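> Here's a sequence, model it:
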Amino acid sequence: MKKRKLDMILERLEGFAAPDPRLEQYATPAPIASELLYSALLRGDLEGTVCDLGCGTGILAIGAALLGARSVGVELDCAALKIAKENARSLGVDVEFVRGDVASICLRNVTTVIMNPPFGAQKGSLGDRAFLRKAMEICEVIYSIHNAGSEGFIRRFVEPCKVEEVQKIAFPLKRSFKFHSKEVKIIEVELYRIFCR
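Numbers count the residues shown, from 1 in each chain. A predicted model of the protein is given here:
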């Protein structure tokens, strides 16, 4: 499947019905999901089991399955998980969805983690540290999206894992919560490829 076709398919997926600001539930835009997934595909990192930690409504987990991966999505929020399951069903892809807290869930035989973790801006959020910690514990390669300017922190936090690539991306953040003042705000993010073994 070509990247543009994947973009178009992922664009049709249902997003959060009632996103929770405490959990920092922001939808990953389809072009950014495709960028992350194609980067992983071209390096052979979608072979084996691929896990989306904090999968939300499933865009990364479903995209990985569309590209041939055995895909698992982990999500704490029941409402988001219900939408993710419906999104996968509507496209006829097989994704194993697991309800659980990223910090305490037990996962085995994961080759690659793909994720857009919460950045830690809200009080109730676990932040990206819990997600990175779990990813380093369970897999060989991590693809993760973080706030621009995080590179120094990420490099130190993931040691002895190695940051192998950092790509800067403009992320269109759609108005999701009452405290947002613009319909769309462009923020800079960084897409990381981290090698753990």
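
> Now do the same contact list for the residue nearest to the spatial centre of the chain.
Residue closest to the mean C-alpha point of the chain, counted by C-alpha atoms, centre = their mean, is Met115 at 2.4 Å. Each residue near Met115 by C-beta atoms under 8 Å, 6 or more residues apart in numbering is listed here: Asp52, Leu53, Gly54, Leu60, Phe131, Ala135, Ile142, Tyr143, Ser144, Ile145. Quick note: C-beta positions are derived from backbone N, CA and C, even for glycine.

> now with 10 Å?
With contacts defined as C-beta atoms under 10 Å, 6 or more residues apart in numbering, the neighbours of Met115 are 28, 36, 51-56, 60-61, 74, 102, 128, 131-132, 134-135, 142-146.

> Assumed Arg156 was part of a strand.
No - Arg156 is assigned helix when assessed by DSSP: H, G, I helix; E, B strand; the rest coil, not a strand.

> I'd like to know how many residues surround it.
Burial of Arg156, expressed as a neighbour count using other C-beta atoms under 10 Å, amounts to 9.

> Distance of it relative to Leu132?
11 Å (C-beta to C-beta, to the nearest Å).

> just Arg89 next, same as before
Relative to Leu132, Arg89 is positioned 30 Å away (criterion: C-beta to C-beta).

> With Val98 instead?
Distance, Val98 to Leu132, using C-beta to C-beta: 19 Å.

> More neighbours: those two, which one.
Just comparing Val98 and Leu132: by other C-beta under 10 Å the higher neighbour count belongs to Leu132, 25 against 13.

> got the contact list for that one?
Counting by C-beta under 10 Å, 6+ apart, Leu132 makes contact with 53, 102, 113, 115, 117, 142, 144, 146, 153-154, 157-158, 161, 192, 194.

> Equivalent analysis for Ala170, please.
For Ala170, the residues meeting the contact criterion (C-beta under 10 Å, 6+ apart) are Pro29, Pro31, Ile32, Ala148, Ile186, Ile187, Glu188, Val189.

> quick one: least confident of those?
Scanning those for pLDDT, the low point is Ile187. It has 79.

> Does the helix or strand where that one lies pack against any helices or strands, and if so which?
Ile187 is part of strand 184-195, with elements assigned from DSSP states H and E. If contacts are counted by 3 or more C-beta pairs under 10 Å, 6 or more residues apart in numbering; DSSP states H and E, strand 184-195 sits against helix 30-42, helix 127-138, strand 141-147, helix 151-157, strand 162-174.

> List the buried residues of it.
Neighbour counts over strand 184-195 (16 or more other C-beta atoms under 10 Å) mark Val189, Glu190, Leu191, Tyr192, Arg193, Ile194 as buried.
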